[in-house]
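Everything below, folded, please.
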Amino acid sequence: MKNSSIILAAGAVVAMASTSAMGARLDSTYTKSDIKEAGSSNVNPGTARVGTVYNFDVTGIESVDGLGSAGNTVIAFDLAAALGFASGTPLTMNGIAWDVTLTAGVGSNTGSWLSEMVVYFDDNIAPDQSGLFLTPGINDSFPGQGTYSDPGIKLADVGIPDIALPDGVLRLEFFESFDDGPGVEGIWKSGFLAIQVAEVPAPGAAALLGLGGLAMSRRRR
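Numbering: from 1, shown residues only. I've put the predicted structure just below:
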């Protein structure tokens, strides 16, 4: 029987893992040159604004090795820009939904399981394994194909801290919780991850609030 390298909390498909639960922090495997910038094939332009969700297309993403391995698909996704804000605008991820079809046990790794395909969410400045781990097929310990969906989970509702994105960039790493061997072990065949972010005042609204406060202070003099 396989021993998973990831311990998920409370049997849920989403889990926040502490550094102690995950072992060592991410090593120096990932430098800036190793990060894949999200391109047109990874985004659905104009689908949402802050306070709702953004659908991130996962079609064709490969699942290769254990967390932190050089062969993994790692995407630095400018979520702020995708939602219509200036790049660098701070955001907070506070929810997740998904509708995905996965294939496990491909190539020479025919024994790889659907329950081993994981995506890890964190900020792109200092990813430290304290973010969100999502395993859509957690209950399917066998190879093959499976379709999984959930209409939405607020992180706070399941005891998981929101994920602060100081520069508005979300880091996603697709990996295997158990490494069956070299090469691709699974494929995110189709679907999307719906990323929800907390409400942020638009620049115009923030300016109005500031002016209002100034006006009130003047009246009190």
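
just checking, residue 192 touches residue 119?
No - Residue 192 is beyond contact range of residue 119, at 11.8 Å (criterion: C-beta atoms under 8 Å). For the C-beta atoms, the positions are set from N, CA and C on the backbone; glycine is no exception.

Could you check which of those two is surrounded by more residues?
Each of residue 192 and residue 119 has its neighbours counted (other C-beta atoms under 10 Å); residue 119 has more, 24 against 20.

Mutual contacts of residue 192 and residue 119, please.
Listed as contacting both residue 192 and residue 119 by C-beta atoms under 8 Å, 6 or more residues apart in numbering are residue 58.

helix or strand right after the helix or strand hosting residue 122?
Assigned by DSSP states H and E, residue 122 falls within strand 117-123. The helix or strand immediately downstream of strand 117-123 is strand 132-134, counting by DSSP H and E.

how deep is residue 151 tucked in, by neighbour count?
By the criterion of other C-beta under 10 Å, residue 151 has 8 neighbours.

With residue 70 instead?
Residues near residue 70, counting by other C-beta under 10 Å: 10.

Could you look up the SS state of it?
Per DSSP: H, G, I helix; E, B strand; the rest coil, the secondary structure class of residue 70 is coil.

can you map out the helices along the chain?
Ranges of helices in the chain, per DSSP state H, are 19-22, 79-82, 203-219.

pLDDT on the longest one, on average?
The one in question is helix 203-219. Helix 203-219 carries an average pLDDT of 43.

ditto for the first one
Regarding helix 19-22, the rounded mean pLDDT is 34.

got it, and stretch 69-76?
Stretch 69-76 shows a mean pLDDT of 92 in the predicted model.

Pull up the distance across it, start to finish.
This stretch, stretch 69-76, spans 16 Å end to end (C-alpha to C-alpha, to the nearest Å).

Over to stretch 171-191?
One end of stretch 171-191 to the other measures 18 Å (C-alpha to C-alpha).

Report the angle between the strand ranked longest in the chain and strand 117-123.
Longest strand of the chain, by residue count under DSSP state E: strand 91-104. Angle of strand 91-104 versus strand 117-123, following axes from the mean of the first three to the mean of the last three C-alpha atoms, to 10 degrees, is 170 degrees.

right, and residue 161 touches residue 121 too?
No - with contact defined as C-beta under 8 Å, residue 161 does not reach residue 121; the gap is 11.7 Å.

rewinding a little: tell me the strands beside the longest strand of the chain, with direction?
Taking DSSP bridges as the criterion, strand 91-104 sits next to strand 144-154 (antiparallel), strand 163-165 (antiparallel), strand 186-197 (antiparallel) in its sheet.

buried ones in the shortest one?
Within strand 163-165, the residues that qualify as buried are 163, 165, counting by 16 or more other C-beta atoms under 10 Å.
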